[in-house]
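Trainee: After the sequence you'll find the predicted model.
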Amino acid sequence: MKIANLLNLLLAIAVVVLALKVAFFSPSPTTKENRTTVRQETPSTEVLENIFTRTSVRDYQDRPVEKETVEQLLRAAMAAPSAGNKQPWKFVVVQDRETLNAIADNLQSIKMAAKAPLAIVVCGDLTLTFPGDGIDYWIEDTSAATENLLLAAHSLGLGAVWCGIYPLQDRVAFLKELLQLPENIVPLNVVPIGYPAENPTPKDKWKPESIHLNTWGEEL
């Protein structure tokens, strides 16, 4: 009988200890709510800092960009918004030195490709867009993907620059032939990418006069 009472006492003590551990070491709903509130009240400024400090970089170190980093860039590009979720973007990753040199030699404004370890050609697939007047939504979608790509490059310590191709048909024709692009694929731009060999100062492009409130001409 005494042994049974002793066992019951030990069991009761164990239950109390367990309850105390749960009470003191488990996060309460209130704690979780407080953490959420703190995050909402003090948002990270890292994203804004990345946007405001990004700038075009046209000179690069003689250093390759890692395969894993290239994949991160493309994942970021494909996370862009897309009209009707059509996702008409296609990407050609150019690492071949002869091809990069051909781009630099034939396109005056993309001479920096000769120094870049790689370039990503952002393209639109005309079979993955809307019919009729909506066909040009591919331009908006691929432009959004390009901006994501540029911001991701900056955040990863890389330098990049957006070099336009479309709608200049001579440039489009040159790249389509060089890269053997199918008829339905249109190159929007070339983005040379590499580790920066320069540190240009970002431009302050804030212009209140570019903003109108409700109707044209009314200031914000």
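Mentor: Received the coordinates, thanks.
Trainee: And the helices in the protein?
Mentor: Listed in chain order, the helices of the chain (DSSP state H) span residues 2-25, 29-41, 46-53, 67-77, 97-106, 137-155, 169-178.
Trainee: ok, of these, where does mean pLDDT dip lowest?
Mentor: Least confident of the helices of the chain, judged by mean pLDDT, is helix 29-41 with a mean of 44.
Trainee: Ignoring the adjacent residues along the chain, who's closest to P200?
Mentor: T55 (5.2 Å; C-beta to C-beta, 6 or more residues apart in numbering). From N, CA and C alone the C-beta is placed, and that goes for glycine too.
Trainee: how much space between that neighbour and W162?
Mentor: Counting by C-beta to C-beta, to the nearest Å, the gap between T55 and W162 amounts to 11 Å.
Trainee: Who does the longest strand seen in the chain pair with, and is each partner parallel or antiparallel?
Mentor: Counting residues, the longest strand in the chain under DSSP state E turns out to be strand 185-194. The strands that strand 185-194 pairs with in its sheet are strand 118-125 (antiparallel), strand 159-160 (antiparallel), strand 163-164 (antiparallel) (by DSSP bridges).
Trainee: can you put the ones you listed in CSV and add distance to F91?
Mentor: Formatted as CSV, the strands paired with strand 185-194 follow (distance: least, C-beta to C-beta, whole Å):
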stretch, distance to F91
strand 118-125, 6
strand 159-160, 13
strand 163-164, 15
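Trainee: just checking, which of those sits deepest inside the structure?
Mentor: With neighbours defined by mean count of other C-beta atoms under 10 Å, none of these is more surrounded on average than strand 159-160, at a mean of 28.
Trainee: For it, give me every contacting residue.
Mentor: 56-60, 149-150, 153-154, 191-198 (C-beta atoms under 8 Å, 6 or more residues apart in numbering).
Trainee: What's the local residue count around the closest residue in space to A144 that isn't next to it in sequence?
Mentor: Computed as C-beta to C-beta, 6+ apart, the closest residue to A144 that is not its neighbour in sequence is A80, at 3.9 Å. For A80, the number of neighbouring residues by other C-beta atoms under 10 Å comes to 18.
Trainee: Check the gap between A80 and I193 for me.
Mentor: Taken as C-beta to C-beta, the spacing of A80 relative to I193 amounts to 17 Å.
Trainee: quick one: the longest strand of the chain to helix 97-106, angle?
Mentor: In terms of direction (axes from the mean of the first three to the mean of the last three C-alpha atoms, to 10 degrees), strand 185-194 departs from helix 97-106 by 100 degrees.
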